[in-house]
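1. pasting the sequence and the predicted model now:
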Amino acid sequence: MKDITSQPLLTLEGLTVHRGTAKILDRVSLSVGQGETLALVGESGAGKSTVATALMRLLDSATVEGTAELDGEGDLLTLPERRMVKLRGRRLGMIFQDAGAALNPAYTVGKQLTTTLRRTLSLTKAEARTRAVELFRSVGINDPEGRLSAYPHQLSGGMQQRVMVAIALAGNPDLLLADEPTSALDVTIQAQIVRLILSQTRARGASCIFVLHDLALASQACDRIVVLYAGQVVESGPARDVLDNHRHPYTRQLKSCVLEIGTGEVAAPEGTVPPHSQMPAGCRFATRCPRALPRCWTEAPPVEPARPGASGPLDHHFACWNPE
């Protein structure tokens, strides 16, 4: 993985999302460097996808607090919607979980891509078609010109996801949000799509936030990892450091879910995430943590550097009163 030393492209501070009385995200803070690939990992319901949709301002019926400073644009969470419309596609791109559901079944994939190209890059119809063929070819779609006239249902799941990658990259965004882009695909196609997204973003010098379940995949594909549990950041840092030198008990449990040859059986985390109405006032993992102390239930642990003297936002950090 590269050594990330550039200025942050995105700085997220205290992102909190309420749906009614439920606090879906609780003071989430992170940063993404120029050209960096960041993974958000955790179980279902951890809030990973909510972070991505909040950044795109696509959340409905939710109250959002905090700041999300995008380099040169200001706070994404407070920009006028007219400005956000211009940023989506140009500076921010998103690949959704289920391409079959995200693509419009009433239009050909070529129409959907050329419309995006004309809106974001102000191309003529002929220019957009030429560029669409180039994009389809770059993401590995065979017979790219012929595929422009295909409807989503006429393509396989892997091809649909490649179309989504092409659409998301059409405007050459600075930051790509990949929201579990392989969850609806079989294992053999998943690796292809991950490699495709990484190669395309890195070739463009773009940054990427991957939403993933798999800690091992995140460590192999991404520069840094942010571990989320029930809407809270519990650990973050360089990918291999988080995987090999984790300090938070939840990160260890996530790692134990990964099957490694010769290391024994998979050990799934015990218990379940409690409903939002029953979350502890302190660390939300206290209800399942084998190392929980009395204060864990009542006091939120501060985010601390894993190594004495480390203080930069890209260093290894964790939030735990009784770390490993």
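-> It's in. Residues are numbered from 1 along each chain as shown.
2. quick one: low-confidence residue ranges for the stretch 201-324 of the chain.
-> Applying pLDDT under 70 to the stretch 201-324 of the chain picks out residues 258-269, 309-313.
3. so which residues of it form strands?
-> In the stretch 201-324 of the chain, the strands defined using DSSP state E, counting those that start in this stretch lie at 207-212, 224-229, 232-238, 304-305, 317-318.
4. which residues are in contact with the first one?
-> Spelled out, that is strand 207-212. Contact partners of strand 207-212, identified using CB atoms under 8 Å, 6 or more residues apart in numbering, comprise 9-10, 32-41, 48-49, 51-52, 55, 174-181, 194, 197-198, 201, 218, 221-222. Where you see a C-beta, it was placed from the backbone N, CA and C, and this is true even at glycine.
5. again, only this time at 6 Å
-> The contact list for strand 207-212 (CB atoms under 6 Å, 6 or more residues apart in numbering) reads 9, 32, 35-41, 48-49, 52, 175-180, 201, 218, 222.
6. now, these that are in strands?
-> 9, 32, 37-41, 175-179 (DSSP state E).
7. in CSV, list those along with pLDDT.
-> Output for the ones in strands among the contacts of strand 207-212, formatted as CSV (pLDDT from 0 to 100):
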residue, pLDDT
9, 95
32, 95
37, 95
38, 96
39, 95
40, 96
41, 94
175, 96
176, 96
177, 96
178, 94
179, 91
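8. now render those as a markdown table, adding distance to residue 144 and neighbour count.
-> Formatted as a markdown table, the ones in strands among the contacts of strand 207-212 follow (distance: CB to CB, whole Å; neighbours: other CB atoms under 10 Å):
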| residue | distance to residue 144 | neighbour count |
| --- | --- | --- |
| 9 | 30 | 20 |
| 32 | 31 | 27 |
| 37 | 26 | 26 |
| 38 | 30 | 23 |
| 39 | 30 | 27 |
| 40 | 32 | 29 |
| 41 | 33 | 26 |
| 175 | 26 | 23 |
| 176 | 21 | 23 |
| 177 | 25 | 24 |
| 178 | 22 | 28 |
| 179 | 25 | 23 |
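9. return the member of those nearest to residue 251.
-> residue 41 (8.8 Å; CB to CB).
10. ok, that closest one touching residue 218?
-> Yes. With contact defined as CB atoms under 6 Å, residue 41 counts as touching residue 218 (5.1 Å).
11. no more questions from me, cheers.
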